[in-house]
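**Student:** Fold the following and give me the result.
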Amino acid sequence: MAWIILFIAGLFEIGWAVGLKYTEGFTRPIPTVLTAISLVASMGLLGWAVKSLPLGTAYAVWTGVGAVGTAIVGILVFKEPATAARLVCLALIVSGILGLKVFSSGH
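**Tutor:** Reported below is the predicted structural model:
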């Protein structure tokens, strides 16, 4: 269950990271509030997950899910470049996330 919660925390991390773009420097109230809610949810769920998962593993997976997801949103929504090198690097992060899951003592 902790891994599912951690993954959801990572999804909320994507939400607040993408939300930062829409806040326009925290000048737009609704995107700012939604970004803050997503940030609190992400941190809260991460805190919950680390009660039973190793801290270093949980943090690395959380940031990895957030980084990969945010990069994918950047490619799909903001038309950022999807170069082969960039995609390979994202795949390496995903493989690291999966490796941490497989070799973690807290599963």
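
**Student:** So which bits of the lowest-mean-pLDDT helix or strand in the chain are buried?
**Tutor:** Least confident helix or strand of the chain, by mean pLDDT, DSSP states H and E, is helix 84-103 with a mean of 95. Neighbour counts over helix 84-103 (16 or more other CB atoms under 10 Å) mark 90, 93, 97, 100-101 as buried. In short, each C-beta sits where N, CA and C put it, glycine included.

**Student:** Quick one: residues in contact with it.
**Tutor:** With CB atoms under 8 Å, 6 or more residues apart in numbering as the test, helix 84-103 has contacts from 3, 57, 60-61, 64-65, 67-68, 71-72, 107.

**Student:** if I read this right, residue 10 contacts residue 69, doesn't it?
**Tutor:** Yes - if you go by CB atoms under 8 Å, residue 10 and residue 69 touch, sitting 6.8 Å apart.

**Student:** More neighbours: these two, which one.
**Tutor:** A direct count of neighbours by other CB atoms under 10 Å for residue 10 and residue 69 places residue 10 higher, at 25 against 18.

**Student:** Skipping adjacent residues, who's closest to the more buried one in space?
**Tutor:** residue 65 (2.7 Å; CB to CB, 6 or more residues apart in numbering).

**Student:** what comes up buried for the host helix or strand of that neighbour?
**Tutor:** Using DSSP states H and E, residue 65 sits within helix 55-77. Buried residues in helix 55-77, defined by neighbour count with 16+ other CB under 10 Å: 57-58, 60-62, 64-71, 73-75.

**Student:** Next, the contact list for the residue nearest to residue 10, please.
**Tutor:** Residue 65 neighbours (CB under 8 Å, 6+ apart): 6-7, 9-11, 13-14, 97.

**Student:** Sort the residues you listed by pLDDT and name the bottom one.
**Tutor:** Minimum pLDDT for those is recorded at residue 97 (94).

**Student:** Many thanks, we can stop here.
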